[in-house]
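Q: this is the structure alone, sequence omitted:
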Ligand code: FAD
Ligand code: 2HG
Ligand code: ZN
């Protein structure tokens with residue numbers, strides 16, 4: 001064993017370091033199965049001090065580190081490169097909820113707590129942690145902050161960065177930044193915590209955070225609607241916004257081919273409505289005890305049916321019924337995964353241009369790869385569509401994936417013409433840095449490189465992620 005590994009073993013003990021190839025392997029492939037990396041070892045520190053000591057030792061030896069949370073990245077952000085030169089540093093053992101303050105409405109929580117466990121802890125305290133993504137059973141607080149996750153409730157509560165009041169971070173040289181403040185107002189210089197949010201493990205290791213909580217809703221209502229067109233879906237969205245914008249918790253879109261894959265591959269899912277080319281899932285919530293959401297939902301949908309904006313609707317009669325609607329939506333990614341290879345375009349455009357985006361993309365994609373299937377779904381209320389493309393039956397997965405960049409470029413050209421973004425919520429990871437020069441080149445990319453050089457001058461933290469190589 002080399003000197004560094006010896007010192008790491010002494011520091012972390014047998015439970016804190018995995019070196020057997022069979023133990024390392026599960027950490028080295030991304031959720032989509034697209035990237036297969038290799039690692040020198042898996043470091044499993046159990047405290048912030050241990051993280052700091054690991055990082056300091058690695059920095060002393062110039063060793064690379066890839067921070068990893070739940071390994072649910074859609075862009076292979078937590079997967080090491082195949083040369084096996086990096087250590088994976090998993091935060092899973094930092095799994096304590098340190099404090100919940102129901103007067104301040106804050107939660108101080110360690111990076112390795114899963115998002116779902118954090119939601120449950122907040123709920124047990126009578127509050128709401130509003131961040132919600134379909135991977136919340138595995139994704140960890142450190143990972144959701146490092147990727148600035150969006151998800152299902154962005155519409156009302158914002159992205160992960162809108163929920164962060166303070167951070168504790170281990171810097172690239174092993175020093176700890178104790179920034180766990182819980183202030184709502186604090187204008188004392190640059191907002192450093194926001195640098196680390198969305199930095200995808202390239203600037204520091206997040207070990208804990210202070211998150212904003214919200215009051216727990218008193219009433220929740222949900223509907224699953226069959227919709228004749230994307231324009232109608234947006235008109236329906238506008239109607240709910242006009243009725244009570246503050247009650248709109250989520251407004252999600254599912255195209256018929258996407259719903260078909262969920263029904264085909266996920267046991268126990270039945271479509272809640274009659275068939276349509278498009279569907280939306282509407283989730284309403286209020287803390288107002290006189291809110292009467294049910295009446296608002298029924299009235300708005302009755303008028304929409306009358307006006308031809310929907311062709312059918314199912315209203316949830318219980319929490320279990322609402323959960324069944326969400327199960328369908330939350331399995332869109334899984335249903336698509338089980339169908340075979342796909343290329344994912346996590347794009348955002350101004351909400352009003354979504355019908356144009358979907359129509360133009362369908363035409364362009366059929367021209368590029370005849371027979372491919374557009375599997376679209378996502379957070380339509382935020383203008384964020386997962387405009388994914390499924391392999392056609394007549395070519396192999398390998399042949400299809402060899403055209404991944406052409407497919408992304410085809411969709412992104414339309415997105416660019418609509419003044420959108422090629423990555424709305426999943427980040428850049430290891431799959432998309434090549435797009436940064438075109439989209440963020442010039443002073444913007446120069447500033448990003450300058451920040452990276454200032455905080456990680458030896459470039460040991462998650463190399464090959466987010467930023468393209470310097471020209
Ligand atoms: P990982 O995948 O382990 O890591 C992601 C990135 O963060 C990597 O670059 C890693 O190096 C870095 N990182 C991890 N932990 C730390 C840390 N403590 N400090 C510094 N850097 C760190 N994303 C959305 O935004 N919205 C969605 O709706 C959504 N739905 C999803 C549904 C499914 C089924 C799946 C598989 C993924 C989904 N994602 C979604 C993507 C993914 O879940 C999120 O990006 C999530 O935030 C990643 O969390 P994680 O703990 O798994 O991070
Ligand atoms: C979702 O919204 C996730 O379900 C996954 O962001 C999106 O699979 C995808 O492309
Ligand atoms: Zn999403």
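A: Cool, got the structure. Being a predicted model, the structure only gives us computed values, none of them experimental. Ligands and ions are numbered 1, 2, ... in the order given.
Q: buried residues in stretch 393-401?
A: By neighbour count, and taking 16 or more other C-beta atoms under 10 Å as the criterion, the buried residues in stretch 393-401 are 395, 400-401. (Glycine included, C-beta is placed from N, CA and C.)
Q: ok, stretch 113-128 next?
A: Buried, per 16+ other C-beta under 10 Å, within stretch 113-128: 113-119, 121-122, 125, 127-128.
Q: in helices only, show me those residues.
A: If you go by DSSP state H, the buried residues of stretch 113-128 have 115-119, 121-122 in helices.
Q: columns pLDDT and distance to residue 437 on top of those residues, output as JSON lines?
A: Listed next are these as JSON lines, based on pLDDT from 0 to 100; distance: C-beta to C-beta, whole Å:
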{"residue": "115", "pLDDT": "98", "distance to residue 437": "32"}
{"residue": "116", "pLDDT": "98", "distance to residue 437": "37"}
{"residue": "117", "pLDDT": "98", "distance to residue 437": "39"}
{"residue": "118", "pLDDT": "98", "distance to residue 437": "36"}
{"residue": "119", "pLDDT": "98", "distance to residue 437": "38"}
{"residue": "121", "pLDDT": "98", "distance to residue 437": "42"}
{"residue": "122", "pLDDT": "98", "distance to residue 437": "40"}
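Q: nearest to ligand 1: which residue in the stretch 201-350 of the chain?
A: residue 201 (2.8 Å; C-beta to the nearest ligand atom).
Q: what's around that residue, how many residues?
A: 27 (other C-beta atoms under 10 Å).
Q: excluding chain neighbours, what is closest to residue 207?
A: Of all residues not flanking residue 207 in the chain, residue 48 sits nearest, at 4.3 Å (C-beta to C-beta, 6 or more residues apart in numbering).
Q: quick one: secondary structure of residue 347?
A: Three-state call for residue 347 (DSSP: H, G, I helix; E, B strand; the rest coil): strand.
Q: which parts of the protein sit against ligand 2?
A: Within reach of ligand 2 by C-beta under 6 Å from any ligand atom, the chain has these residues: 74, 134, 332-333, 344, 346, 378, 386, 388.
Q: near ligand 1, which residues of the protein show up?
A: Counting by C-beta under 6 Å from any ligand atom, the residues of the chain near ligand 1 are 31, 66-74, 77-78, 91, 111, 133-135, 139-140, 142-144, 146-147, 149-151, 200-201, 205-206, 333, 425-426, 462, 465.
Q: for the stretch 351-471 of the chain, what spans make up the strands?
A: 373-379, 384-390 (DSSP state E, counting those that start in this stretch).
Q: and the first one, what does it pack onto?
A: Based on contacts counted as 3 or more C-beta pairs under 8 Å, 6 or more residues apart in numbering; DSSP states H and E, the elements that strand 373-379 packs against are strand 248-255, helix 256-265, helix 332-339, helix 354-368, strand 384-390.
Q: pick out the residue of the stretch 101-250 of the chain closest to ligand 2.
A: residue 134 (4.5 Å).
Q: what separation do you get for that residue and residue 32?
A: As judged by C-beta to C-beta, to the nearest Å, residue 134 and residue 32 stand 14 Å apart.
Q: show me the residue sitting in the middle of this structure in space.
A: residue 149 (3.9 Å; C-alpha atoms, centre = their mean).
Q: hang on, that one packs against residue 425?
A: Yes - counting by C-beta atoms under 8 Å, residue 149 sits close enough to residue 425 to count as a contact (6.4 Å).
Q: pretty sure residue 455 contacts residue 192?
A: No - assessed by C-beta under 8 Å, residue 455 is found out of contact with residue 192, at 9.6 Å.
Q: residues shared between the contacts of residue 149 and residue 425?
A: residue 159 (C-beta atoms under 8 Å, 6 or more residues apart in numbering).
Q: tally up the residues packed near the closest residue in space to residue 174 that isn't next to it in sequence, please.
A: Using C-beta to C-beta, 6+ apart and skipping residues adjacent in sequence, the residue nearest residue 174 is residue 56, 2.7 Å away. Counted with other C-beta under 10 Å, residues neighbouring residue 56 total 16.
Q: who are the packing partners of the strand or helix carrying residue 56?
A: Element membership for residue 56 (DSSP states H and E) is helix 48-60. Packing contacts for helix 48-60, counted by 3+ C-beta pairs under 8 Å, 6+ apart, involve helix 3-12, strand 64-68, strand 86-90, strand 164-171, strand 176-179, strand 204-212.
Q: switch to 6 Å and redo it
A: Helix 48-60 sits against strand 164-171, strand 204-212, with contacts defined as 3 or more C-beta pairs under 6 Å, 6 or more residues apart in numbering; DSSP states H and E.
Q: tell me the most buried of those?
A: Ranked by mean neighbour count, the helices and strands packed on helix 48-60 are led by strand 204-212 with a mean of 26 (mean count of other C-beta atoms under 10 Å).
Q: average pLDDT across it?
A: Averaging pLDDT along strand 204-212 yields 98.
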